[in-house]
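In: just coords:
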């Protein structure tokens, strides 16, 4: 833990707090990532069989877009924000000063192993913190490239890269050092462990978790567009995406049309044999592969269902579900298997959604404005889309995060800076006016207080 203590000592020098320093670190990080672009492509292909194009959309390009915003907006983010002062405190002035939290810990998962580690890092650097980075050990090729990027760019007393088995390393870190913030992306089960470890020392946390994100296709939906916009994110990264549509609830009147449209678009995206496609990924490891294959027994396969253990390949699969007690409807799928459930009325569909409260995302496809608002208001969820799926997370002006079992806190863009900052409240009162009515004795002043304090 001596290496982590060194970050505390470095932070306390105040070196990380100036605008000039923060900007320089962001620019160095951006340059290093650009320099290692090919290495990142190759590593992600090795770990998850991602194409360069998919890497750019979901990893490199996503990161570069976020860091570009931070570099451009950093000065304005750091400025104190003036707020109105109430009458009681006249003639004072009030403002909010963002200040760094201190030494933070960022823990990332394996499904987007590059950007889910480095995108939170943008916010931590921009806010003026020191950082311990813990990558997923399940994407070793990507972790090795990130190690090269971080250790060639930053002093280890400022940004420390820690590897190893997460189940061992993270508790060791959190039990032996009191961080000022912990940012974790991953499963709800592990999120509970992180939350428990942090609670011992009242350490604030951001938990970016998951859940069963429903996708509702109403009788009023544009079916061809809905199918295209559902299939693209669902089968991107072989379905290993926290905001992928976990299952479809489709109105009976458009069920057959939707299934036909999904089949057509999946074939259009990946060809007759997706295993040969350059644009279709693989499952991260044998453990996840075996877990996913079990779900193939839980319903009627409408398309796909093929798998190859030696290649960690599972075909894009559509599966009709009638028994909601099967495992596929109890767990977050996190793979290229898309359950389709028919509903006849909204109440029945809402009852199904309610079995898994507070999903990370929800998607509604409808051309009826009244209907879309009814669905959005009826279900508590982290964030989502109307007539689209998953792409809300690409807009840095929207906070990304869950609620309840799907997460705590949010980030992206300005929200990342806010997550890694403390909002210090300041009120400045001049000396040229000092009203006697503020001080005891208060005899006869109640009516004045009633006017001043509202």
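Out: Arrived safely, thanks for sending. Quantities reported herein were computed from a predicted structural model and do not represent experimental measurements.

In: doesn't residue 161 make contact with residue 151?
Out: Yes. Assessed by CB atoms under 8 Å, residue 151 is found in contact with residue 161 at 6.0 Å. To be clear about C-beta, it is placed using only N, CA and C from the backbone, and glycine gets the same treatment.

In: of these two, which one has the most company?
Out: The neighbour comparison of residue 151 against residue 161 (other CB atoms under 10 Å) goes to residue 161, with 19 against 13.

In: relative to residue 210, how far out is that one?
Out: From residue 161 across to residue 210, the span is 25 Å (CB to CB, to the nearest Å).

In: mind checking the end-to-end distance for stretch 212-219?
Out: 22 Å (CA to CA, to the nearest Å).

In: wait, I meant stretch 416-427
Out: End-to-end distance for stretch 416-427, by CA to CA: 26 Å.

In: now do stretch 279-292
Out: Using CA to CA, one end of stretch 279-292 lies 20 Å from the other.

In: mind listing residues that contact it?
Out: For stretch 279-292, contacts defined as CB atoms under 8 Å, 6 or more residues apart in numbering pick out 47-51, 53-54, 110-111, 138-139, 235-238, 240, 269-270, 274, 307, 309, 311-314, 316, 333-337.

In: of the residues you listed, keep whichever come out buried.
Out: Taking 16 or more other CB atoms under 10 Å as the criterion, what is buried in the contacts of stretch 279-292 is 47-51, 54, 110-111, 138-139, 235-238, 240, 269-270, 274, 307, 312-314, 316, 333-337.

In: just the residues you listed: which are in strands?
Out: Using DSSP state E, 307, 313-314, 337 are the members of these that sit in strands.

In: could you identify the most distant pair in those?
Out: Using CB to CB, the pair of those lying farthest apart is 313 and 337, separated by 12.8 Å.

In: shared neighbours, these two?
Out: By CB under 8 Å, 6+ apart, residue 313 and residue 337 have no common neighbours.

In: follow-up on the earlier one: mind checking which of the contacts of stretch 279-292 are in helices?
Out: Under the assignment DSSP state H, those contribute 47-48, 53-54, 235, 269-270 to helices.

In: dump the residues you listed to CSV, plus distance to residue 402 and pLDDT.
Out: As requested, the ones in helices among the contacts of stretch 279-292 are exported to CSV (distance: CB to CB, whole Å; pLDDT from 0 to 100):
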residue, distance to residue 402, pLDDT
47, 25, 98
48, 23, 97
53, 28, 96
54, 24, 96
235, 22, 98
269, 28, 98
270, 30, 98
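
In: need those residues in a markdown table with distance to residue 74, can you?
Out: A markdown table is the format used below for these (distance: CB to CB, whole Å):
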| residue | distance to residue 74 |
| --- | --- |
| 47 | 32 |
| 48 | 32 |
| 53 | 30 |
| 54 | 29 |
| 235 | 37 |
| 269 | 38 |
| 270 | 41 |
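
In: quick check, nearest of the residues you listed to residue 11?
Out: The closest of these to residue 11 turns out to be residue 47 (CB to CB; 32.5 Å).

In: tell me if I'm right that the closest one and residue 140 touch.
Out: Yes. The criterion here is CB under 8 Å, and residue 47 meets it with residue 140 at 7.1 Å.

In: partners of residue 95 in the sheet?
Out: When bridges are called by DSSP bridges, residue 95 pairs up with residue 82, residue 426.

In: list the residues that contact it.
Out: With CB under 8 Å, 6+ apart, residue 95 has these contacts: 80-83, 426, 428.

In: go on, residue 277?
Out: By CB under 8 Å, 6+ apart, the contact list for residue 277 reads 269-271.

In: and the helices in the stretch 251-400 of the chain?
Out: Counting by DSSP state H, counting those that start in this stretch, the stretch 251-400 of the chain has helices at residues 255-270, 286-295, 346-353, 369-378.

In: where's residue 190, which helix or strand?
Out: Taking DSSP states H and E as the criterion, residue 190 maps to helix 188-199.

In: got the contact list for that helix?
Out: Helix 188-199 is contacted from outside by 107, 166, 170-171, 174-175, 179, 182, 184, 204-205, 207, 209-211, 332, 405-408, using CB under 8 Å, 6+ apart.

In: got the contact list for the next helix or strand after that helix?
Out: Next along the chain after helix 188-199, taking DSSP H and E as the criterion, comes strand 205-208. Contact partners of strand 205-208, identified using CB under 8 Å, 6+ apart, comprise 116, 120, 181-186, 191, 194-195, 198, 242, 400-402, 407-411, 419.

In: with stretch 445-454 instead?
Out: The contact list for stretch 445-454 (CB under 8 Å, 6+ apart) reads 86-88, 437, 442.

In: how many neighbouring residues does residue 325 have?
Out: 8.

In: quick one: residue 254 from residue 248, how far?
Out: Residue 254 sits 11 Å away from residue 248, going by CB to CB.

In: find the residues that touch each one of those two.
Out: Listed as contacting both residue 254 and residue 248 by CB under 8 Å, 6+ apart are residue 217.

In: between the two, which one's more packed in?
Out: Neighbours were counted for residue 254 and for residue 248 using other CB under 10 Å; residue 248 has more, 28 against 19.

In: pretty sure the more buried one contacts residue 341?
Out: Yes. Using CB under 8 Å, residue 248 is in contact with residue 341, at 6.7 Å.

In: helix, strand or coil for residue 437?
Out: Following DSSP: H, G, I helix; E, B strand; the rest coil, residue 437 is assigned to helix.
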